[in-house]
Every structure is written in C-alpha cells, then in structure tokens.
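>>> No sequence on hand, only this structure:
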C-alpha cells in the first residue's frame, strides 16, 4: 500500500529561491527608482523640457535665471505665446520671446511705439514700459511663410525681430512653448 500511495503523489517543483530580508527589499526599491527615473526622463525628453532664462528681455513676465518648463509636441506657434528659439549666428544662447505675429500677418510699429498686427492696435499689458522702439526693420512688415515675428516683453532691452541681426525667426528653430515657471519656488506660475 505504501508503494501505491507513493505513486499517486505528485512531485513538487522545487521552489524558486526568494530574495530574503534587506537585500530583496533593496533590489525592489532600486527597480522602482530606476523605473521611475526612466519614465520621468522619457516624459521630459518627448513632451516637456526645462530651460533657464538668461537676461532681462522678458521682464516683468520672466526673470533672469528663472527655470521654465516648455512643451513642443504637436505645437504650432500662436500670437501671444512665449516661445524658446534655438540659438543663431548673432546670439549664442536660446532666446525666450513672445510671438507677436505669425506667417501672413502684417506688423507695424509706429513712431510713438504702438504695435499693430493686421492694422489692429495690440493690447500689451504684459510689457515692461509703455512704448516700443521700432528697431531697424522697415514697416509695415509682412511675416513670410514659415516665420514668426517675436519680441521680448522688456521692449527697451530685448534683442528680437525688430533687429536685423535676429529678424523674423524660422518656425523650425522654435524649441517649444513656455508653459510656466518652475523655479524659484516663490515664482511658480502657469501660462495659458
């Protein structure tokens, strides 16, 4: 009978060795941390970016050394957006500027410093100062296809499309749209 009982018994599979104690927990924590870092890096690589503002050309909206978060996935620049433009021949760091006009729109800056787009006076409560210098451009200026006319909010201290050195900006040089300030913490804000 013993022989029969032994034959009906199924053989057990050997149990897999379990990670024991502190070492197993340490490995689990490391896996979770590495996985989280990879997810964050992927998100910031393909959906968001963080850049540092250099200079005062966007005062009072953005300050020198602010850290800004931007997006670029399926982004098409629109008037009033704040964008980051890749560096060019004249400027060696990316520019942070506001889009004033897009392709096909006509920009005019009159002698008193008022900005018009397609004949409409722009309400610019965000600028630092009441007037805008005309720069070296000839107005009226029609923005060519694939280009943008950009200016800083600190109009008296901004290298932008009013200068022939920068001129209108190729849309392909736009790194992304600024979504908000993430550092310093007392300046955290989101833009629409």
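It's in. If you're wondering where the values come from, they're calculated on a predicted model, not measured in any experiment.

>>> Would you map the strands across the protein?
48-52, 67-71, 82-85, 95-101, 106-109, 115-117, 120-121, 141-142, 147-151, 169-170, 174-183, 189-190 (DSSP state E).

>>> I'd like these as CSV, with distance to residue 34 and mean neighbour count appended.
The C-beta positions use only the backbone N, C-alpha and C, and glycine is treated the same way. As requested, the strands of the chain are exported to CSV (distance: least, CB to CB, whole Å; neighbours: other CB atoms under 10 Å):
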stretch, distance to residue 34, mean neighbour count
strand 48-52, 20, 15
strand 67-71, 24, 18
strand 82-85, 30, 22
strand 95-101, 33, 25
strand 106-109, 50, 19
strand 115-117, 49, 19
strand 120-121, 53, 10
strand 141-142, 52, 16
strand 147-151, 40, 25
strand 169-170, 39, 19
strand 174-183, 24, 19
strand 189-190, 30, 10
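
>>> Apart from its chain neighbours, what residue comes closest to the residue nearest the centre of the chain?
By CA atoms, centre = their mean, the chain has its centre lying nearest to residue 70, at 1.7 Å. Excluding its sequence neighbours, the residue lying closest to residue 70 (CB to CB, 6 or more residues apart in numbering) is residue 176, at 3.6 Å.

>>> Is that neighbour bridged to anything, and to what?
residue 84 (DSSP bridges).

>>> any idea how far it is from residue 38?
22 Å (CB to CB, to the nearest Å).

>>> same thing with residue 151?
From residue 151 to residue 38 the distance is 39 Å (CB to CB).

>>> Over to residue 170?
Applying CB to CB to residue 170 and residue 38 gives a distance of 33 Å.

>>> Same check on residue 104?
Distance from residue 104 to residue 38, by CB to CB: 42 Å.

>>> wait, what's in contact with residue 58?
Counting by CB atoms under 8 Å, 6 or more residues apart in numbering, residue 58 makes contact with 82, 96-98, 152-154, 158.

>>> Run through this structure and note the low-pLDDT ranges.
1-21, 40-47 (pLDDT under 70).

>>> hmm, try it at 80
Applying pLDDT under 80 to the chain flags the ranges 1-24, 38-48, 87-92, 129-131, 192.

>>> what are the ranges of the helices in it?
Secondary structure of the chain (DSSP state H): helices located at 2-8, 21-46.

>>> ok, now which ones touch the residue nearest to the centre of the chain?
Contact partners of residue 70, counting by CB under 8 Å, 6+ apart, are 48-51, 83-84, 175-179.

>>> Switch those residues over to TSV; also include distance to residue 129.
TSV is the format used below for these (distance: CB to CB, whole Å):
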residue	distance to residue 129
48	32
49	30
50	29
51	25
83	21
84	23
175	27
176	27
177	24
178	21
179	26
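
>>> nearest to residue 115, of those?
residue 83 (17.2 Å; CB to CB).

>>> can you tell me which residues contact that closest one?
70, 77, 96-99, 148, 150, 174-178.

>>> Would you check that the residue nearest to residue 70 makes contact with residue 69?
No - under the criterion of CB atoms under 8 Å, residue 176 makes no contact with residue 69, lying 9.1 Å away.
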